[in-house]
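> Task: produce atomic coordinates for the following.
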Amino acid sequence: MGQNYDYSQNNKRRGNKLPFAMVSGALVGAVVVLASDSEERKRVKSGSSNAKNKISSYANRVKEDPQGVKDDWLGRIQRAASITKEAVQKIQEILDEQGNQLKESAQDIQNESKEMIETAKDAGDELQSVGEKASEAKEELSSSESSDHTNTSDSTDDNVTDINDKKQ
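Numbering: from 1, shown residues only. Reported below is the predicted structural model:
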């Protein structure tokens, strides 16, 4: 049990060193960049002085008129909330309108699909009846062909005979 306690204490100590090591590494990197690049030093220096001036100016405004600064911030927050509320309402209106249009379009597509299916079924039924008629016609031709075939060959023989008779 004593070993588990020591182990957890060591892990806590190592865990606390990681953020320190990360911050130290970042600072060393920043110092190296600033030391090697004069343009970067100038940019950081001017940025720092601008930030310092803005903060001191804001601090002076708060010291001079704390209620005015508070009211200014509250007014900004209320205006931002109002604008956000209007935007949310506008988005909701658009979604409702588009949703209704999409629903109507989907209903139209569904109705048209049903009509197309019905038309295809009707066409299939009609084609089937045409097929049946074609089968009947084929049967009729087959049956009349066999009975006409004997008659046709007889009449053909008569025609051949008639032509030969006429030549003589």
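
> max-length helix in this structure?
helix 66-167 (DSSP state H).

> got any ranges where the protein has weak pLDDT?
1-15, 144-168 (pLDDT under 70).

> Point to the residue nearest the middle of it.
Geometric centre of the chain, nearest residue: residue 102, 15.0 Å, by CA atoms, centre = their mean.

> how close does that one sit to residue 110?
Per CB to CB, to the nearest Å, residue 102 is found 12 Å from residue 110. Backbone N, C-alpha and C define where each C-beta goes, glycine included.

> Burial check on residue 34, number of neighbours?
By other CB atoms under 10 Å, 14 other residues sit near residue 34.

> what about the closest residue to it other than its chain neighbours, how many neighbours?
Once flanking residues are discounted, residue 34 sits nearest to residue 41: 5.1 Å by CB to CB, 6 or more residues apart in numbering. Applying other CB under 10 Å, we find 13 residues neighbouring residue 41.

> before we move on, what about the one 10 residues further on?
Close neighbours of residue 51, defined as other CB under 10 Å, add up to 10.

> What helices and strands are in contact with the host helix or strand of it?
Taking DSSP states H and E as the criterion, residue 51 maps to helix 38-64. Helix 38-64 sits against helix 2-36, helix 66-167, with contacts defined as 3 or more CB pairs under 8 Å, 6 or more residues apart in numbering; DSSP states H and E.

> Can you add distance to residue 57 and give those back as TSV?
TSV is the format used below for these (distance: least, CB to CB, whole Å):
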stretch	distance to residue 57
helix 2-36	26
helix 66-167	12
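
> Nearest to residue 60, out of the ones you listed?
Smallest distance to residue 60 across the helices and strands packed on helix 38-64 (CB to CB): 10.4 Å, for helix 66-167.

> now for the closest one, which elements pack on it?
Counting by 3+ CB pairs under 8 Å, 6+ apart, the packing neighbours recorded for helix 66-167 are helix 38-64.

> Show me which residues of the helix it packs on are buried.
Within helix 38-64, no residue qualifies as buried by neighbour count (16 or more other CB atoms under 10 Å).

> next one: it to chain centre, how far?
Centroid separation for helix 38-64 versus its chain: 46 Å, with CA atoms, centre = their mean, to the nearest Å.

> and it with helix 66-167, angle?
Computed by axes from the mean of the first three to the mean of the last three CA atoms, to 10 degrees, the angle separating helix 38-64 from helix 66-167 equals 120 degrees.

> measure residue 118 to residue 70 for me?
Per CB to CB, residue 118 is found 71 Å from residue 70.

> Okay then, goodbye and thanks.
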